[in-house]
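Asks: sequence plus the predicted model coming up.
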Amino acid sequence: MNAKVIVQKISSNIKPYQIIIIILLLVWLDLFLLKGINLTTADAGRHIKNGELFLQNFKALDTNFYSYTYPDFPFINHHWGSGILFFLIWKIAGFSGLSFFYIFFSLITFLIFFRIAWKKSTFEIATFCSILAIPLIGERTEVRPEVLSCFFSAIFFWILFKIKDKEISYKFLYLLPIISLLWINTHVYFFLGFFILGLFFIETLIEKNYFLSKKIFITGFLSLLLSFLNPFTWKAIVYPFFIFKNYGYTIVENQSIKFLENYGLNNSNFIIIKLAFLVFILSTITLLIRNRKSFSIIFFVSTFVTGTLACLALRNFTLFGFFVLPAIAYQIKNSIRSEKIPNEFPAKIVTIFFSIILFIIIALMSSEKTSNAGDAQLGLLPKINAAADFYKTNKIQGPIFNNYDIGGYLIFHLYPEKIFVDNRPEAYPTSFFQDVYIPMQENNDIWKEAENKYNFNVIFFYLNDITPWAQKFLISRIDDPEWSPVFTDQYAIIFLRKNEKNNPIIEKYQISREKFGIK
């Protein structure tokens, strides 16, 4: 079958109104994802620097390295391969290229899961399920390596379902070990590949499809063998089970919905995820009552597990959004008796109805996104590099005391200068955060001890650090006669210690205390 015949076959199966709906869904998802990179808090700068250093030395970093506090502290750099990819994209196309890369792979991943949902149900049901899933998929807007985990999960699902449904040869299974090799070297969620293979292996066994179950088992074994081909060998394979063993700092993305709600964080996705989970549970119960033979272990277990992970940590919302889409589509479709499925004309009416709902949601979400016009763009937020440019232009030198959030920004701009801390809790001892980093911001006496120990010359902080200790610390430093603020914008604030070397810069740029509301 040549390419022309394939295109004709595909186009004959997709109707014009379906193309329009798919485009609208992609546009809606894009509204969530099209957000400028806040480099002062993002990990992207550190990933880029990791990739640059690897290509210089051909060795993945395996110690803290960027910090002068614990430069030799060992850690598993599970996303080292993503750093290479990020660096190459940035080198060729800048931060706009990185934004495009992230959005492109997010949209492709959505299309794959949507196509699975469509194949396993109807176009109309898949569209309905997408309305629930897209806000969850769009929760994570920062350019992160996890987009590759979502994409690889989609490829695993697509290949395995195609083989299971006898639409492609089982030989495509042997692509999966190669993907597993890429996966373990790019993101810690590589275990999802084994999880998905395991579910298909169990379901094919139950269906007594022993030929395919044997092939899937062999694929899993080969995937495991190839997974040892990483800089950390077996340690990387078991790392997902131990990543939180040395995690001394609490970050929002790792907190549960219950914790965040009690903390007072408002997020419309908290309601949407509960609604999606409710639809999933109700469709499961209905399927078991009306059509038990169609119950799918693959859809149920994968969605239940990722849904539970999403309830336990904000960072898993996107993952659950992808997995829940085909699951509830399949279960709703198979809960309806075939003779009661709408004919073509009623189906179009239903589609138009959902299209109107979707249009309203798009309009509302567009209004929310454009309320901060600077956020809706490719690449960096405006003037995000101003603080780093000020630092370098005035040839300021450390030692720097910085907060957790801005560490990746400083690594990107100031390396090889070392910093105090960055946003990798696993790269520092738990005691560092609990006994040093937080207390020195809460207690002025402890701060003075650390000040003398490390001989700080600069304080470089993300201005919007909302932790109670950071706000207290910044107020104390503004009122501290030994320190002077010389730069501030909407992202960062820089203090210089008053001494002979810094005094000319302080005299030129000193910010009055009145600007901070202090008389």
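Replies: Cool, the structure landed. Numbering: from 1, shown residues only.

Asks: going by neighbour count, list what's buried in stretch 58-69.
Replies: The neighbour-count check on stretch 58-69 (16 or more other C-beta atoms under 10 Å) flags 60-61, 64-67, 69 as buried. C-beta here means a position set from N, CA and C on the backbone, and glycine is covered the same way.

Asks: do the same with stretch 220-229
Replies: Under the neighbour-count rule (16+ other C-beta under 10 Å), stretch 220-229 has 220, 222-224, 226-227 buried.

Asks: ok, now stretch 81-88?
Replies: Buried-residue list, stretch 81-88, by 16+ other C-beta under 10 Å: 81-87.

Asks: again with stretch 134-147
Replies: For stretch 134-147, by 16+ other C-beta under 10 Å, it's 134-141, 143-147.

Asks: ends of that stretch, how far apart?
Replies: Stretch 134-147 has an end-to-end distance of 15 Å (C-alpha to C-alpha, to the nearest Å).

Asks: would a markdown table of the buried residues of stretch 58-69 with secondary structure and pLDDT be doable?
Replies: A markdown table is the format used below for these (DSSP: H, G, I helix; E, B strand; the rest coil; pLDDT from 0 to 100):
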| residue | secondary structure | pLDDT |
| --- | --- | --- |
| 60 | coil | 92 |
| 61 | coil | 89 |
| 64 | coil | 88 |
| 65 | coil | 90 |
| 66 | coil | 92 |
| 67 | strand | 93 |
| 69 | coil | 92 |
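
Asks: now, which of these sits nearest residue 415?
Replies: residue 66 (6.9 Å; C-beta to C-beta).

Asks: and the closest residue in space to that closest one that isn't next to it in sequence, what element?
Replies: Excluding its sequence neighbours, the residue lying closest to residue 66 (C-beta to C-beta, 6 or more residues apart in numbering) is residue 411, at 5.0 Å. Per DSSP states H and E: residue 411 is located in helix 407-414.

Asks: for that helix, enumerate the helices and strands it packs against.
Replies: helix 44-57, helix 386-393, strand 400-402 (3 or more C-beta pairs under 8 Å, 6 or more residues apart in numbering; DSSP states H and E).

Asks: if we use 10 Å, what do you get?
Replies: Helix 407-414 makes packing contacts with helix 44-57, helix 386-393, strand 400-402, strand 458-462 when contacts are defined by 3 or more C-beta pairs under 10 Å, 6 or more residues apart in numbering; DSSP states H and E.

Asks: so what's the gap between it and the chain middle?
Replies: Put simply, helix 407-414 sits 20 Å off its chain's centre (C-alpha atoms, centre = their mean, to the nearest Å).

Asks: quick one: mean pLDDT over the following helix or strand past that helix.
Replies: Note on helix 407-414: by DSSP H and E, the next helix or strand toward the C-terminus is helix 430-431. In this model, helix 430-431 has a mean pLDDT of 88.

Asks: try stretch 393-406
Replies: Mean predicted confidence for stretch 393-406 is 91.

Asks: and for stretch 45-56?
Replies: pLDDT averaged over stretch 45-56 gives 95.

Asks: same thing with stretch 125-135?
Replies: 89.

Asks: and residue 439, which of the helices and strands packed on helix 407-414 is closest to it?
Replies: strand 400-402 (13.6 Å).

Asks: what does that closest one contact?
Replies: Strand 400-402 is touched from outside by 67-68, 391, 406-407, 409-410, 414, 417-422, 437, 440-441, 447, 450-451, 454, 456-462, 473, 477, 492, 494-495, 497, with contacts defined as C-beta atoms under 10 Å, 6 or more residues apart in numbering.

Asks: among these, which ones are buried?
Replies: Neighbour counting with 16+ other C-beta under 10 Å marks 67, 391, 406-407, 409-410, 414, 417-422, 437, 440-441, 447, 450-451, 454, 456-462, 473, 477, 492, 494-495, 497 as buried within these.

Asks: which stretches of the stretch 101-250 of the chain form helices?
Replies: Secondary structure of the stretch 101-250 of the chain (DSSP state H, counting those that start in this stretch): helices at 123-137, 146-164, 176-184, 191-206, 210-227, 234-238.

Asks: of those helices, which is nearest residue 292?
Replies: Residue 292 lies closest, by C-beta to C-beta, to one member of these: helix 191-206, at 12.9 Å.

Asks: how far is the closest one from where the chain is centred?
Replies: Counting by C-alpha atoms, centre = their mean, helix 191-206 comes out at 24 Å from the chain centroid.

Asks: do stretch 185-203 as well
Replies: Counting by C-alpha atoms, centre = their mean, stretch 185-203 is centred 18 Å from the centre of its parent chain.

Asks: also stretch 445-459?
Replies: Worked out by C-alpha atoms, centre = their mean, stretch 445-459 lies 35 Å from the chain centre.

Asks: average pLDDT for that stretch?
Replies: Rounded mean pLDDT across stretch 445-459 is 92.

Asks: send the alpha carbons of it over as CSV?
Replies: Output of stretch 445-459 as CSV, limited to C-alpha atoms (Å, rounded to 0.1, in the frame of the first residue of the first chain):
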residue,chain,number,x,y,z
ASP,A,445,21.6,34.5,65.2
ILE,A,446,21.9,31.4,63.1
TRP,A,447,22.0,33.6,60.0
LYS,A,448,25.0,35.5,61.5
GLU,A,449,26.8,32.2,62.2
ALA,A,450,26.2,31.1,58.6
GLU,A,451,27.2,34.5,57.3
ASN,A,452,30.6,34.3,59.1
LYS,A,453,31.1,30.6,58.1
TYR,A,454,30.5,31.1,54.4
ASN,A,455,31.5,34.7,54.1
PHE,A,456,28.6,35.7,51.9
ASN,A,457,29.1,38.6,49.6
VAL,A,458,25.8,38.5,47.7
ILE,A,459,22.2,37.5,48.5
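
Asks: need the contact partners of that stretch.
Replies: Applying C-beta under 10 Å, 6+ apart, the contact partners of stretch 445-459 are 68-69, 391, 396-403, 417, 420, 435-441, 443-444, 473-474, 476-477, 480, 482-483, 485-486, 493-497, 499, 501-502.

Asks: go again with 7 Å.
Replies: 396-401, 439-440, 477, 483, 494-497 (C-beta atoms under 7 Å, 6 or more residues apart in numbering).

Asks: over to stretch 409-424?
Replies: Contacts of stretch 409-424 (C-beta under 7 Å, 6+ apart): 39-40, 43, 45-46, 48-49, 66-69, 388, 398, 400-402, 404-405, 407-408, 428, 437, 460.

Asks: restricted to helices, list the buried residues of stretch 81-88.
Replies: If you go by DSSP state H, these have 81-87 in helices.

Asks: between these, which sits nearest residue 284?
Replies: Nearest to residue 284 among those, with distances taken as C-beta to C-beta, is residue 82, at 34.9 Å.

Asks: roughly how far does residue 475 sit from residue 466?
Replies: Applying C-beta to C-beta, to the nearest Å, the value for residue 475 to residue 466 is 14 Å.
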